[in-house]
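> could you look at this predicted model? Sequence included:
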Amino acid sequence: MFSASAEDDQLKSASGTNLNPASSAKIGGRANVGMSAIQTSLAVLKEGSALGAKVPYLAPIAGLLLQALTMRDEVKQCKQEWEVLMQKLSNVASVIVDVAESCRAHDINEEELPIGLRAILDTLRSDLHEIKIALEECAETGGIRKVLLRTDILRKIKQYDGKLLNVLQTFQAKLALDSRFALVVQDRKITTTHVGSADAGQAEAITYISHEPSTPQIFFGRDAELAQIVHMIFTNLGSRPARIAILGPGGYGKTTLANAVLTHDRIQEQFGDARYLVSCESLLTSGALLTELGKSLGVLKSAPDALWSRIRTTLAAKESILCLDNFESPWDQPSEVKRLVEDLLSRITELRQVTIIITMRGTERPARTQWTLPPLAPLETLNHDASKEIWTRIAGGYDDYAGKLIKAVDHVPLAVNLLAHLAQVTPPALLWKDWTSKQLKAVQRGQMDRLESLEYSIQVSIDSGRMKLNPSAKGLLGVLSMLPDGIHMEQLDEFKHILVDMDIISCLHVLQQCSLINFMERRYQPHPIIRHFSNSQGFLSLKHKAFLEDFYITLASSKPYKAQPEQYAKMVLEVNNTKSILSNLLKSNHRNPEKLINAIITFTGFHRSIGDLSDTLIAQAVQSLQEGYGDASLLIRCLREWGNLHYYSRDMESAKQKMLEAEKLCLSMPKVNKHLHASILHELGRIYFLQSLLHEAEDTSQKALEIYQSLNDVIGQGNIHQHLAKVYRRMGKLDKGMASSQKALDCHKASNNSLGQGYSYQRIGEIQLKMGRLKEAEDSFQQALHFHQVANSILGQGNDYAGLSEVYEDQNNLSQSQISAQKALELYVSVNDSLGQGNAHRQLGNIYYRLGDLDKAEASYRKGLELHKAETNAIGQGNDFQGLGRVYMKRLQLQKAKDMFEKALKMHKQAQDRGGTKRDQQFLDQVLSQMGGST
């Protein structure tokens, strides 16, 4: 243990805190050295004279400082703001000259400089070079001046201001460790000035800003977090005061929440006037933090040599609550500075009378402090209702455009607040128009400041120390912003091969630390507004963009029925990313449009097979072909795929329209692509079948078969025979159906087509089931299931399980029948196949009916009926009505049964289902007979 004075000396030495804001500005006896004297000293040092003989490394730094200071009068843009920065450059220059003089006085060589000082000088040299370039851009040279945006200049000046302050304060910490530089430490005053303030030309040199807690006037959507923090504070108040970190991205309301805590009724009653809010926004060292804490506690005015003791005494005198706001500023610094800041925080949190809250950007809490468990989760965006409340309270009204705006900015509190203030003057409709063209640049009021500009607030996180230590993180953010689904955890190895020039894991770690990305549902994704910002700033390199485009075009071109399980899983994981990349490529002038369109056609078939029936991408491809690259065969294939999407979404009229449009193009081509024409006829046959136009379905399919036979296309013939088997089964021509099924199977075996063999066995099983050949039907469905699993056909597997369920029902194996029906239902749900779901519910109704559970049977039939009505599927509705009629007949609800059977009969006739019609009539006759007998 240290004594009080020894402990103070130790803390001062470690954190560089012996800076007295009220101390003299004397520097080695040069209290009133003017700018010209400083420039003279820099010139001498630059030339390597006796002053700099011991440390020639200072010469180029002196030269850069001299150049910057001599450009003072040449600056024309943002002159007042540059003037404030010039004062800080002058301070830096004085320190450099003092260091050179101390080296000469104590005979210190470069190698003997304090540890780490050389690295600071390297950083300073780089910063000065940037400042010199920026000054040149703002200077008028030869009547020509580069035109720059004022906001960009102000942002740069503010960055340089922070960098120079960091250099000055770090100098203090380093030089304080070496007695040979004692005069520099004791006499040098470091001040900060607010660049870009209301009166920058007469900016007053002040140290730091601190705030008293104030009750938030606008506070919605954080009640749960407020209640949790208050609970954490009072749970172990007597034995172990809370240590709470309010974390989250910039602009999420961390400071507002902290103020709400400090002004909460219970907190005010408990702590009285011992409630402190210390702003750390401009603090870059532990010394600056200690000084600001002393100011907030009112113990800074006397001698500075025992500051920590006075702070400790004040905090230990009674129960108090202390919030260190924007704590990332002093903490997110080079490792040595961070360690000192964490040490100081640890000393504060060791005090048993003080409750500690910090707010900081990111997701990582500082080390060396025992935080209260369970910790408060990082803040998320607001819900819609809270965003609407904030908007209404500020803007005074709310409309649809306001709703669009708060949704567009993802309900981020700062963005909602700024837009609502803008809406006091500008109608939301105009703000929405501004947003659609400018995006984040539209969310700004006043000067470039983290509380006045959403873009600037994000830039603060991008410019954080952690991001600077890992420059590749910004590049990975650019990659992630290009992908709507981000990167799935299982795809990390894949992306390591794509992005070979970056350490993806460390980049992801940094981006998470800085709250720039989320990890949700095993995916790394940027926050939506961060995605907007990243895309607008061009973080994605051309090299990485090219790598990603090639990867996703190759992935989109993969045929799902030929893909290995690992490749197929990858295709599923990347479906939304693939869709986005292909869409963006269509909007650009891609170097190989034919390859791109082919990839889109293949990919559309894939995402249709997994239940994604959106047609935006294929519609975009058709428009692109019609307006530009006009390859007729590609256009026909796109129209066919578009029609297939409508077919599987059960919009048969739209499906038929696209197919007829495609057929018309086929017939108009000088040399018609017969394969393509036959495939269009095949699709038309399938549409006619679902519209219960069975003769049209047969005729169209026969035309397609003739074309395939003329081309000796075995696969095409197999597909048509397969479809004809389905048509003949519906017509009741089971022998013709079986013959067509066997021909289809032979063709698909000859071509080694797994998918085709699966559907052929399925057709054979359906006909065998109709014929009552149950064991053969079971074997056929099992064969179909095997081939559909090989071909990754989820829909095919669903149909196979549905067929097996009917077989098991007819075998009186009702438990196995129910298991198969449930499995079929799960598969249909996974691919969003409403018709299949309706059929599965109808089959479950049959099983429950057989089991005597009439209530469950009725519920299942009604679910099936609802789905079949939505699909306008006549045969499905007929089967559902028939099932309901049987339930009511069993309950002796004869009138209801009669109504159901009459509806079933109507639907089965409409569907030309002879078997269904025959059964409906039989049931109806039974009901009428019972009704006559009862009468």
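That came in fine, so what should we check first?
> which elements pack onto the longest strand belonging to the chain?
If you go by DSSP state E, the chain has its longest strand at strand 354-361. Contacts defined by 3 or more CB pairs under 8 Å, 6 or more residues apart in numbering; DSSP states H and E place strand 354-361 against strand 243-248, helix 254-262, strand 320-325, helix 328-331, helix 335-349. All C-beta spots, glycine's among them, are computed from the backbone N, C-alpha and C.
> and those: which comes nearest residue 482?
Residue 482 lies closest, by CB to CB, to one member of the helices and strands packed on strand 354-361: strand 243-248, at 24.6 Å.
> and residue 757, what does it touch?
With contact taken as CB atoms under 8 Å, 6 or more residues apart in numbering, residue 757 is in contact with 745, 748, 749, 783, 787.
> same thing but 6 Å
When contacts are counted by CB atoms under 6 Å, 6 or more residues apart in numbering, residue 757 touches 748, 787.
> now swap in the one 4 residues further on and tell me
Residue 761 is in contact with 780, 783, 784, counting by CB under 6 Å, 6+ apart.
> same check on residue 823?
Residue 823 is in contact with residue 801, counting by CB under 6 Å, 6+ apart.
> in a helix, it, correct?
Yes. Assessed with DSSP: H, G, I helix; E, B strand; the rest coil, residue 823 lies in a helix.
> and it, what's its pLDDT?
Predicted confidence (pLDDT) for residue 823: 97.
> now residue 177
Looking at residue 177, its pLDDT stands at 49.
> ok, residue 648 next?
88.
> near it, how many other residues are there?
Look at residue 648: counted by other CB atoms under 10 Å, it has 19 neighbours.
> tell me how far it lies from residue 831.
9 Å (CB to CB, to the nearest Å).
> ditto for residue 165
For residue 165 relative to residue 831 (CB to CB), the value is 60 Å.
> just read off the phi/psi values of residue 893.
phi -90, psi 80 (degrees, to the nearest 10).
> and it, how many neighbours does it have?
So residue 893, with other CB under 10 Å, has 14 neighbours.
> residue numbering should commence at 23 henceforth.
In the new numbering, first residue 23, that becomes residue 915.
> OK, contacts around it?
For residue 915, the contact set (CB under 6 Å, 6+ apart) is empty.
> likewise for residue 340?
residue 296.
> same thing but 10 Å
Applying CB atoms under 10 Å, 6 or more residues apart in numbering, one finds that residue 340 lies in contact with 293, 294, 295, 296, 375, 376.
> what does residue 950 give?
Neighbour list for residue 950: 916, 919, 920, 923 [criterion: CB under 10 Å, 6+ apart].
> what pLDDT is listed against the third one?
At residue 920, the pLDDT value in this model is 94.
> the last one now?
Residue 923 is assigned 95 on the pLDDT scale.
> give the buried residues for the host helix or strand of it.
Assessed by DSSP states H and E, residue 923 sits inside helix 916-932. Buried positions in helix 916-932, judged by neighbour count with 16 or more other CB atoms under 10 Å: 916, 918-923, 925-931.
> and stretch 613-623, by the same measure?
Neighbour-count burial for stretch 613-623, counted by 16+ other CB under 10 Å, picks out 615, 618, 619, 620, 621, 622, 623.
> ok, and the closest non-adjacent residue to the fourth one?
Meaning residue 620. residue 579 (6.8 Å; CB to CB, 6 or more residues apart in numbering).
> for residue 594, which residues are in contact?
Residue 594 touches 510, 582, 628, 629, 632, 814, counting by CB under 10 Å, 6+ apart.
> ok, it to residue 146 distance?
Residue 594 is 52 Å from residue 146, by CB to CB.
> what sits against the spatially closest residue to residue 332 that is not a sequence neighbour?
Closest residue to residue 332 apart from its sequence neighbours, by CB to CB, 6+ apart: residue 321 at 4.0 Å. Contacts for residue 321 were tallied using CB under 10 Å, 6+ apart; they are 315, 328, 329, 330, 331, 332, 333, 334, 335, 336, 337.
> residue 241 now?
248, 275, 278, 279, 281, 282, 285, 408, 411, 412, 415.
> and these, which of them are buried?
The neighbour count (16+ other CB under 10 Å) marks 275, 278, 279, 281, 282, 285, 408, 411, 412 as buried among the contacts of residue 241.
> quick one, what contacts the fourth one?
Meaning residue 281. Neighbour list for residue 281: 233, 234, 235, 236, 237, 238, 241, 275, 299, 345, 347, 381 [criterion: CB under 10 Å, 6+ apart].
> ranking the contacts of residue 340 by neighbours, who comes first?
residue 376 (23 neighbours).
> OK, contacts around it?
Residues near residue 376 by CB under 10 Å, 6+ apart: 263-265, 293, 296, 298, 334, 336-338, 340-344, 370.
> that one bridge partners, please.
For residue 376, the beta-bridge partners are residue 342 (DSSP bridges).
> can I get the contacts of residue 241 in a markdown table with distance to residue 861?
Putting these into a markdown table (distance: CB to CB, whole Å) gives the following:
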| residue | distance to residue 861 |
| --- | --- |
| 248 | 52 |
| 275 | 51 |
| 278 | 55 |
| 279 | 53 |
| 281 | 60 |
| 282 | 56 |
| 285 | 62 |
| 408 | 44 |
| 411 | 47 |
| 412 | 49 |
| 415 | 52 |
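> any idea which of those residues is closest to residue 430?
Using CB to CB, residue 412 is the member of the contacts of residue 241 that sits closest to residue 430, with 15.1 Å.
> what sits closest to residue 417 if chain neighbours are left out?
Here the residue nearest residue 417, using CB to CB, 6+ apart, is residue 445, at 4.0 Å.
> for that neighbour, the count of nearby residues, please.
23.
> does it touch residue 424 like I think?
Yes. The criterion here is CB atoms under 10 Å, and residue 445 meets it with residue 424 at 6.8 Å.
> common neighbours of these two, please.
413, 417, 451, 453.
> packing partners of the host helix or strand of the third one?
Here residue 451, judged by DSSP H and E, is contained in helix 450-460. Applying 3 or more CB pairs under 10 Å, 6 or more residues apart in numbering; DSSP states H and E, one finds that helix 450-460 contacts helix 406-417, helix 422-430, helix 435-444.
> which one of those is the most hemmed in?
With neighbours defined as mean count of other CB atoms under 10 Å, these peak in mean count at helix 435-444, which reaches a mean of 24.
> so for it, mean pLDDT?
90.
> one more: stretch 142-155?
The pLDDT scores in stretch 142-155 average 76.
> which of the residues in it are buried?
142, 143, 146, 147, 149, 150, 153, 154.
> just stretch 542-559 next, same as before
545-557, 559.
> go on, stretch 80-93?
80, 81, 83, 84, 85, 86, 87, 88, 89, 90, 91, 93.
> quick one: the last one from residue 63, how far?
Applying CB to CB, the value for residue 93 to residue 63 is 18 Å.
> same thing with the fifth one?
Relative to residue 63, residue 85 is positioned 13 Å away (criterion: CB to CB).
> all helices for the stretch 473-622 of the chain, in order.
476-484, 487-491, 494-504, 514-520, 526-535, 550-559, 564-578, 587-595, 597-609, 615-631 (DSSP state H, counting those that start in this stretch).
> with distance to residue 608 added, can I get the contacts of residue 594 in JSON lines?
Below are the contacts of residue 594 laid out as JSON lines (distance: CB to CB, whole Å):
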{"residue": "510", "distance to residue 608": "24"}
{"residue": "582", "distance to residue 608": "21"}
{"residue": "628", "distance to residue 608": "17"}
{"residue": "629", "distance to residue 608": "16"}
{"residue": "632", "distance to residue 608": "21"}
{"residue": "814", "distance to residue 608": "26"}
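> most surrounded residue in those?
Result: residue 814 is most packed of the contacts of residue 594 (other CB under 10 Å), 25 neighbours.
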